[in-house]
Structures are given as C-alpha cells and as structure tokens.
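Student: Show me how the following folds:
(2 chains, ligands or ions: 1)
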Amino acid sequence: MLLSEIPKEKILWMYKTMLLIRKNEEAVEKYYRIGKIPGSLHLYIGEEAVAVGVVANLNREDVITSTHRGHGHFLAKGGSLKKLWAELLGKRTGACKGKGGSMHLFDFENCNLGSNGIVGGGIPHAVGAALSFKLSESKNVAVSFFGEGATNQQNFHEGLNLASIWKLPVIFVCENNQYQISLHYSKQQAIEGVAKRGISYGIPAVEVDGQDVVAVYEVVKRAVERARSREGPTLIEAKTYRFTGHTIDDNELYRNRDEVEWWKKNKDPLAIFERKIIEEKIFGKEVLEKIAEDVEKEIEETIKFAEESPYPEPEELFEDLYSTKTKGTLIWNWE
Amino acid sequence: MSERVITFREAINEALDQEMQENAKVILIGEDIGRYGGIFGVTKRLIDKYGEERVRDAPTAESGFIGAAIGAAMMGYRPVVELMFIDFIGVAFDQIINQAAKIRYMSGGGISVPIVIRTVSGAGFSGGAQHSQSLHSILLHIPGLKVVMPSNPFDAKGLLISSIEDDDPVVFIEHKGLYETRGVVPKEKYSIPLGVADIKKAGKDVTVIATAVMLHKTLSVVEKLREEGISVEVIDPRSLRPLDTETIANSVKKTGRLVVVDESYPRCSFATDIASFIASKYFEYLEAPIKIVTPPDTPVPYSLPLERAWIPNEEKIYDAIKKVIEYKA
Ligand SMILES: Cc1ncc(C[n+]2csc(CCOP(=O)(O)OP(=O)(O)O)c2C)c(N)n1
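Tutor: Numbers count the residues shown, from 1 in each chain, chains lettered A, B, ... in the order given. Sure, this is the predicted structure:
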C-alpha cells in the first residue's frame, strides 16, 4: 500500500501517535528510574506500529482489550495522556482514580476495556464485546491485543473457538515480540508462527511485519471490513520486537545485544515510517519536527499536572467496589 | 398476587423467563442450556421463546464463555451464565476472581460487570469428590463478588430477579437437593433484596444460622427440640455477601448462643467467618462457645455410607444445639 492511498490527516495522526507513545515511554522510564513511579513497568518501545496501525482503522465505539504492556494501546485508542500519568503516579485524577496502575488501565469513554495483569485475561472480554455488537446489530468491532506468550493460555484457545463458532466481529492481534519475559517463542510452542493456530479454529490468519505501520494498517483494514460485514473473526500475527527489557528492571541476560541492536538499527518502526513519509513526499521534515516539539511539550505539561494532582484519601479504599447500594454488609470492616 | 405451588427448578425458570421478557439485554450462556434445557432442566423451553441468540449454547470452555459474558456485561448486557457444577469453577477462576470481581474497583468505578453466574452445589447424590462440593466459602473470600444461596422456591425466584437486576457480579448457588422442593410462589414478578436474612423460625434460647439444604435439616431438628422445651431461632441468610449481619447480631444478642450449620468445608469457611465475626464483635453477649456444624475436613466421598457420614445430618445439628444450650461455664 502506498502512503498516498491513506488520507493525509490519518498519516499525521499515525505519526503523531507513534511518536507520542515512544516519547511517553521514554519519559516514563526516566521517571521510574528516579523512583517517582511505583510498581513495575512494561514498556512498549519498538512495538508502536502495531497499536497505531490497528487503531487507525477503528472508531471510538469500537472496543479494544489490552495487556500488561498497555500504555501504547491506551494512548492510541484516544486515552488522555494526563489521566495516564496521574494513574501511573497513583493519583486521584488518574484514569482509574489511582486504583488501576500501569497494568490495569481502563478507559471506558474510549471503549478500552482495560489492560490486564493476567496474561490472556482480556481475550474473552473482546469476544464478549463482539457478542454484544452482534446481538445489538451494531457495526462495531472488537480488537484484542495480546503477546505470543498469551497464545499458550486457555483464554486464547477458548476465545478463538467461541468467536469462530459464533461468527463474531472480533480481531485478534498477536504482538509477537518474540519473548515471553525471557523464553524465546521457538521454545514456547512446537509449531512455527502463531498465525497457524488460527487454522484449527477455522479463523483466517495473516502474518504481517509489525514494524511497518502501513503494512499493519492494511491487513487490519481488511480484517475490520470482514468483521463489519459480519464475516467473522480474523487472527493477525504482527512480528515485532521490544527494544527494552520485559520490565524496566530486566537484565536481559537471555538475549544477545547484537540482536537487540540489529532490530533497533534496521527495524525501528518510527524511523521506517518517517523515511516513507519523506520519500513519498507526504510531509516535509519541518512538519515532523514541529510534531516532535509539540509532543515533548505536552508530556512536560502532563507530568506537572500529574505531580500536582492529589493522592486519594484512605477512605477511598472502600469506594468503587460495588456499584449499587445494597442492604446488608458488603465489605467487612473489623474495626 | 396469584400464588400456586411450584418447584424450586420451576421458580428459577420463571425468574429467568420474566427477566428475559422484560429486558432484551438479559441473555443466557451455558453448556447445553438450549434445546436440552440445562442438565438440571432449569432453562427448559426458554430457547423456544427467546431463540438461540439469547439462549446461547456454549462449548465446554468455562473460562472462555464466562470471560465473554464479562465482556458483554461491560458493554451493557446482563448475561446469566450457567456453570454446570460449582466444582468446575477452578477452570474459570481467573475470569471470576481476577476479572469480574476486580474490574469495577481497578477502573475506579468506571466499568461495572452485571453478570450472574448460576451454578449448582451440594452433596448427596454420589457425585464423588468433583461433583458434590459446596464451594461458596471460597467465593466469599473475594471482595467484589456477591454470593446468593436460596433455600426454597419463593426465595429462589425473588433473589434471582434481584441478582439479574444487580449491577455487580453475582454467583447464584442452587443446591441440587432442592430442585424438587415445592413451595408457594406468586406468578407475578417480585424481588427479594440481597443482604436481607429471613428469620425462618423465631425463638429465644439459641440462634442457628443455616443455609440451603442445611436449613431444612435444621428446621426438622427444631421441631424435636421444641418438644423438649427448647426454643430455637433459625435464620436463613439467603445472601452470604452482602450479609445481613444486623439480623444475625440482634438474634445473638437476644439468645446469647450461636450455632452455624453449613455444607462447605470447615476451614476458612462461611461458618468460621460468622463465628469469628460474632466472637470478635459481640463476645460480651455470648453465654456459651459458638459451635459450627459442617462436613469433616475431607473431600466428598462416593460410597453411600461414607457420603452419608460426610454430610451434616440432623443428629449432628441436634447435638451441637444441645451442647450449646447445656453449656455451663
Ligand atoms: C496468567 C499469568 N501468568 C504469568 C504472568 C507473568 N507474566 C507477565 S508478562 C509475561 C510474559 C507474557 O509474554 P507475552 O504474552 O508474549 O507478552 P509480552 O510481555 O511479550 O508483551 C508473564 C509470564 C501473568 N501476568 N499472568
């Protein structure tokens, strides 16, 4: 697919969003290293083209479910950078009032049914959201993001089977970044490639270069058309690579530095996209530089906002667990 | 209201029917619940009325279909899932305890999961260790879930209607020994709020909390004790979370003695939970140590005499109540 076949505003959005995800993760990493963010962090650097290539095909009403590596999905789906940062710092102004954190980012306004601390946990939720679209005869679709590690989980197999027998408008996007923490995917399964797993469920599957946002955009476009015209689910395996460790604290003893450097040098999704934009003369360098400036500024302002936001009060511990006022004792409080 | 006598099974079927009739967002998902009507026959004929889109037969994939029900619930549907036996909860536990129970909290109140998981528990049918358990105590451990356990047809219908209309995840437990129980049930739709216990029999000497089948056994023991001049107050909590702690506490304040009768394993259980609650908050009212009547701390055996020995019977309930009554400090 040529870039000229994609509307210019969309290209601009794709570039800006990829850059935002990258710069944001870099800022998050810095902030974590100076001890300002608690918990663990799974960065998405190197995989930006997948989230952006996928979400470029979606409307706000289309649903996504995400993973423990969910900052990129959250932002691509329209999530507020401010709410993301406030959540990472555990502030009340966060996406989940400080009760979710990096691995549990929900954003119902943008139909993001959550990142998930359980590998594969969100896969059936996308199936259920797709079921709701089928039942209500809407044209919306659901997309589930997950890593290749998740494809060894029951939820993947059960979810694909249900989606197939029920012919649901769902797209399964496997971000095959090649490692489940440390185990290479060739040691996670005996067959070559995740896409093959679609065959046994009667689900068409495609492999795509996950470092090329245009290629991702193109295959997802077809999958979305298929889903919207009620032809059923698709499995997409995006071959990608995480440039950072599994978490920030990962020593990466399981992979060779040359391999990492090769991917960074030859398969950086941002550099690849930038080159295409310039070569195909869609935008000049100045336009892209201006975007980078804006992104940096936005992140800076956001951190300030998150820092200045208040923490939740201890009483809030007991809020948000149940939705209705019910008679009887719902939550034990031994005091 | 027009009343007639129907079975526990029919009462649940009627609640499902009336909720589906009224709200198109109520859908059923489960193994063999369509034409087959569910292995206990609870969903019979609903597929004829509502079609296979809304009464959805699922493959044996509990994690998948409970997870899918959660996804649909987040999108505004009200799925009622049938989990064939509560024993199978293990294969879907992640979806129940980490997903359904947590999503509202983790999202800061942003997303609710109005799902009902109807399931079957209880021993007494030689089902063996994997088809006879009462695992509600495990679920009570999990903040974010609601757990309901009716003992008669009237309560079953009213509580199921409340559960379906509730915005939180509810596990609704039907004891397989109760399906043929008959009782007076209004034809019209009505609801019984969760968290309201029912005093099935008023008394003044001792409080007995009893659930599901154990309630019936307790009531027959109470008759015998009455002849001996002992007056027992029997409380059916009906929903275990939320729990009507007020009714329980008021009763213990009045009687000063407590026995809890429940069919789940004894350790870290509903029975020990109530006992510890009363002991830690109302100790000064107690005139005797609390007694719990539960099965022994073993899996459910298959052999008839063994299983009979396993399930708490009238004799054990009688003995426990007598001991608490006759206790002298
Ligand atoms: C059910 C479950 N088991 C184990 C873990 C611990 N864990 C977190 S991420 C991860 C690896 C997942 O690999 P993959 O799905 O390929 O995603 P990636 O981290 O590569 O993006 C593991 C094992 C978990 N969170 N959930």
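Student: Enumerate every residue touching A:S229.
Tutor: Contacts for A:S229 were tallied using CB atoms under 8 Å, 6 or more residues apart in numbering or on different chains; there are none. Yep, even glycine has a C-beta here, placed from its N, CA and C like the rest.
Student: Where does the prediction get shaky in chain B?
Tutor: Within chain B, the ranges that satisfy pLDDT under 70 run B:1.
Student: buried residues in the longest helix along chain A?
Tutor: The single longest helix within chain A, with elements called by DSSP state H, is helix A:8-33. Of the residues in helix A:8-33, those with enough neighbours to count as buried (16 or more other CB atoms under 10 Å in any protein chain shown) are A:11-12, A:14-25, A:27-28, A:31-32.
Student: Following that helix in sequence, what is the next regular element?
Tutor: helix A:48-55 (DSSP states H and E).
Student: that older thread, can you give me the angle the longest helix of chain A makes with helix A:48-55?
Tutor: 130 degrees (axes from the mean of the first three to the mean of the last three CA atoms, to 10 degrees).
Student: Helix A:8-33 close to the ligand?
Tutor: No: contact of helix A:8-33 with the ligand is not found when judged by CB under 6 Å from any ligand atom; the minimum separation is 13.2 Å.
Student: pLDDT averaged over that helix - what is it?
Tutor: Mean per-residue pLDDT for helix A:8-33: 98.
Student: ok, and the closest non-adjacent residue to residue 260?
Tutor: All of this refers to chain A. Computed as CB to CB, 6 or more residues apart in numbering or on different chains, the closest residue to A:V260 that is not its neighbour in sequence is A:F243, at 6.9 Å.
Student: The chain in question should be chain B.
Tutor: For B:V260, ignoring the flanking residues on the chain, the nearest one in space by CB to CB, 6+ apart is B:A271 at 4.2 Å.
Student: and the helix or strand hosting that neighbour, what does it pack onto?
Tutor: Here B:A271 sits within helix B:270-281, counting by DSSP H and E. On a contact count with 3 or more CB pairs under 8 Å, 6 or more residues apart in numbering or on different chains; DSSP states H and E, helix B:270-281 meets helix B:136-140, helix B:245-255, strand B:258-261, strand B:291-293.
Student: So which bits of it are buried?
Tutor: By 16+ other CB under 10 Å, the buried positions in helix B:270-281 come out as B:F270, B:A271, B:T272, B:D273, B:I274, B:A275, B:F277, B:I278.
Student: can you map out the strands along the chain?
Tutor: No chain specified, so I'll use chain A. Under the criterion DSSP state E, chain A carries strands at the ranges A:63-65, A:142-147, A:170-176, A:179-180, A:183-184, A:205-209, A:234-239.
Student: looking at chain B here, not the other one
Tutor: Remark: strands assigned in chain B by DSSP E are B:3-7, B:26-30, B:55-57, B:78-83, B:116-121, B:146-148, B:170-175, B:182-186, B:198-201, B:206-210, B:232-236, B:239-241, B:258-261, B:291-293.
Student: What residue in chain B comes nearest to the ligand?
Tutor: Nearest residue of chain B to the ligand, counting by CB to the nearest ligand atom: B:D94, 6.9 Å away.
Student: and that residue, what does it touch?
Tutor: B:D94 sits next to A:I118, A:G121, A:N155, B:S63 when contact means CB under 8 Å, 6+ apart.
Student: what does the stretch 1-150 of chain A put close to the ligand?
Tutor: A:H68, A:R69, A:G117, A:I118, A:V119, A:F146, A:G147, A:E148, A:G149, A:A150.
Student: quick one: which of these is nearest to chain B?
Tutor: Checking those against chain B with CB to the nearest CB, the nearest one is A:I118 at 5.3 Å.
Student: Next one, pLDDT for the residue in the stretch 201-335 of chain A positioned nearest to chain B please.
Tutor: Nearest residue of the stretch 201-335 of chain A to chain B: A:G328, at 2.2 Å (CB to the nearest CB). Listed pLDDT for A:G328 reads 92.
Student: Near it, how many other residues are there?
Tutor: Neighbour count of A:G328, defined by other CB atoms under 10 Å in any protein chain shown: 21.
Student: I figured it hits B:R238, correct?
Tutor: No: proximity of A:G328 to B:R238 does not meet the contact threshold set by CB atoms under 8 Å, at 9.5 Å.
Student: Show the contacting residues for B:S191.
Tutor: Contact partners of B:S191, counting by CB under 8 Å, 6+ apart, are B:G158, B:L159, B:I161, B:S162, B:E165.
Student: Revised request: answer the last question for B:I278.
Tutor: B:I248, B:A249, B:V252, B:L258, B:L286, B:I290.
Student: Quick one: neighbours of the first one, just the number.
Tutor: In other words, B:I248. Neighbour number of B:I248 under other CB under 10 Å is 22.
Student: swap in the fourth one?
Tutor: Residues contacting B:L258 under the criterion other CB under 10 Å number 28.
Student: what do you get for the third one?
Tutor: A count of nearby residues for B:V252, using other CB under 10 Å, gives 25.
Student: returning to what we had before: which two of the contacts of B:D94 have the greatest separation?
Tutor: A:I118 and B:S63 (10.8 Å; CB to CB).
Student: Neighbour count: those two, which is higher?
Tutor: Per other CB under 10 Å, whichever of A:I118 and B:S63 has more neighbours is B:S63, with 25 against 18.
Student: From B:S231, how far off is the more buried one?
Tutor: Here the criterion is CB to CB, to the nearest Å. By it, B:S63 lies 49 Å from B:S231.
Student: ok, the closest residue in space to A:F273 that isn't next to it in sequence - contacts?
Tutor: In this structure, A:F273 finds its nearest non-sequential neighbour in A:V213, 5.2 Å apart by CB to CB, 6+ apart. Going by CB under 8 Å, 6+ apart, A:V213 touches A:M14, A:M18, A:E48, A:A49, A:V52, A:G53, A:A56, A:P269, A:I272, A:F273.
Student: Among those, which one lies nearest to B:E31?
Tutor: A:G53 (37.8 Å).
Student: wait, doesn't the closest one sit right on A:V224?
Tutor: No: between A:G53 and A:V224 there is no contact under CB under 8 Å: 11.5 Å.
Student: Would you format the contacts of B:S191 as JSON lines with neighbour count and distance to B:G71 included?
Tutor: Supplementary listing: those in JSON lines, determined by neighbours: other CB atoms under 10 Å in any protein chain shown; distance: CB to CB, whole Å:
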{"residue": "B:G158", "neighbour count": "21", "distance to B:G71": "29"}
{"residue": "B:L159", "neighbour count": "25", "distance to B:G71": "26"}
{"residue": "B:I161", "neighbour count": "20", "distance to B:G71": "24"}
{"residue": "B:S162", "neighbour count": "25", "distance to B:G71": "23"}
{"residue": "B:E165", "neighbour count": "17", "distance to B:G71": "20"}
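Student: okay if I get the residues you listed as JSON lines plus distance to the ligand?
Tutor: Shown next, in JSON lines, are those (distance: CB to the nearest ligand atom, whole Å):
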{"residue": "B:G158", "distance to the ligand": "38"}
{"residue": "B:L159", "distance to the ligand": "33"}
{"residue": "B:I161", "distance to the ligand": "35"}
{"residue": "B:S162", "distance to the ligand": "33"}
{"residue": "B:E165", "distance to the ligand": "33"}
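Student: Near chain B, which residues of the stretch 151-300 of chain A are found?
Tutor: A:Q154, A:N155, A:H157, A:E158, A:G159, A:N161, A:L162, A:I165, A:W166 (CB under 8 Å from any CB of the partner chain).
Student: Now a PyMOL select for only the buried ones of these.
Tutor: Command for PyMOL that selects the buried part of those, burial taken from 16+ other CB under 10 Å:
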select buried, chain A and resi 154+155+157+158+159+161+162+166
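Student: Please list the residues of the stretch 201-329 of chain B that sit near chain A.
Tutor: B:S239, B:R241, B:P242, B:L243, B:D244, B:T245, B:E246, B:F277, B:S280.
Student: Good, we can wrap up now.
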